[in-house]
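*Asks:* structure, please.
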Amino acid sequence: MDAKNRLVEIKRVIDLSTKNNADELLKIERMWKGRLKVFPVYEMPLSLLVYNKYNGRILSRTQSLEAQEKEIDVSTKEGAEIIAKLLWESKESANKSTLADLEKYGQKEVAMITSDGVIVDGNRRAMLLNRINKYDYLKTIVLPVSSTDDPLEIERLETSFQMGSDEKLSYNPIEKYLKTKKLVNDLTSGIEIISKDDAIKKIAEWMQESKTDIKFFLDVMQTMDDYLEYLEYDN
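*Replies:* From the prediction side, this is the model:
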């Protein structure tokens, strides 16, 4: 299913849920564009959702595959299976534990998706739910934006809710280095043009790290890039 059709189907689920159980819908607050906003929580069919292939947890793996000219289209079965495999292998022991918890108690943490079904927060949970037959939906809020409308705000949300949360499964260091590099590029020369110092300050807030740590991540990433370029193994 393409993004346009996902958007239509997701809106239909929202409309039906609002019409039939508006008063019963769980509501939670999330930061959206600098202020707290109340979002209803929907039981969104997993079939309408797609993984974020640039999810911070597996960024090194997807970039490596794409550098080897392996196209990953998450809207296809093959692409979804590639991302699901990478997510599972990223922390297999922890995934087994969370899988058992999901089977016993169901989904505890609410996910976050765009209006066209890209999972901003909850990729790992969706992958695990797809492994069991007990649930065919993801409990999620739906952001009032598609995956292409406001990429910087989506980057902020993913970074803040995943890398910036103590409760989340810890990330491998290389994923932090790559994510930091990507965010600096987006903030200084891509999505938004600000100074490198301002970008570092903003990323530090999103990740809940110090500016010194962010600078360290960038220095390590530069050393790794130089090494790979020297060996002609860019990315």
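
*Asks:* what's the offset of the helix or strand of the chain with the lowest mean pLDDT from the middle of its chain?
*Replies:* Lowest mean confidence among the helices and strands of the chain (mean pLDDT, DSSP states H and E): helix 151-158, at a mean of 81. How far helix 151-158 lies from its chain's middle: 9 Å, per CA atoms, centre = their mean, to the nearest Å.

*Asks:* which positions within stretch 46-54 qualify as buried?
*Replies:* Residues 48-54 are the ones in stretch 46-54 that count as buried (16 or more other CB atoms under 10 Å). Using the backbone N, CA and C atoms, a C-beta is placed for each residue, glycine as well.

*Asks:* of these, which is the nearest to residue 103?
*Replies:* residue 49 (19.7 Å; CB to CB).

*Asks:* give me the distance between that closest one and residue 70.
*Replies:* 22 Å (CB to CB, to the nearest Å).

*Asks:* which one of the buried residues of stretch 46-54 sits closest to residue 60?
*Replies:* Set against residue 60, the nearest of the buried residues of stretch 46-54 by CB to CB is residue 54 (10.8 Å).

*Asks:* how about that closest one: what's its closest non-neighbour residue?
*Replies:* Ranked by CB to CB, 6 or more residues apart in numbering and with sequence neighbours excluded, the top spatial neighbour of residue 54 is residue 62, at 6.3 Å.

*Asks:* need the three-state assignment for the one you found.
*Replies:* helix (DSSP: H, G, I helix; E, B strand; the rest coil).

*Asks:* hang on, the earlier thing: secondary structure added to the buried residues of stretch 46-54, as CSV?
*Replies:* Output for the buried residues of stretch 46-54, formatted as CSV (three-state DSSP):
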residue, secondary structure
48, helix
49, coil
50, strand
51, coil
52, coil
53, coil
54, coil
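
*Asks:* give me the lowest-pLDDT entry from those.
*Replies:* When these are compared on pLDDT, residue 54 comes out lowest, with 85.

*Asks:* show me where pLDDT drops low in this protein?
*Replies:* 163-170, 191 (pLDDT under 70).

*Asks:* the helices in it, which residues?
*Replies:* 3-21, 59-67, 77-90, 92-105, 123-129, 151-158, 173-189, 196-207, 211-230 (DSSP state H).

*Asks:* of those, flag the one that's most buried.
*Replies:* Highest mean neighbour count of those: helix 123-129, a mean of 24 (counted as mean count of other CB atoms under 10 Å).

*Asks:* send the alpha carbons of that helix over as PDB?
*Replies:* Only the C-alpha atoms of helix 123-129 are listed here, as PDB (Å, rounded to 0.1, in the frame of the first residue of the first chain):
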ATOM      1  CA  ASN A 123       9.200   0.500  15.500                       C
ATOM      2  CA  ARG A 124      10.500  -2.200  17.800                       C
ATOM      3  CA  ARG A 125       7.100  -2.700  19.400                       C
ATOM      4  CA  ALA A 126       5.400  -3.000  16.000                       C
ATOM      5  CA  MET A 127       8.100  -5.500  14.900                       C
ATOM      6  CA  LEU A 128       7.400  -7.600  18.000                       C
ATOM      7  CA  LEU A 129       3.600  -7.400  17.700                       C
END
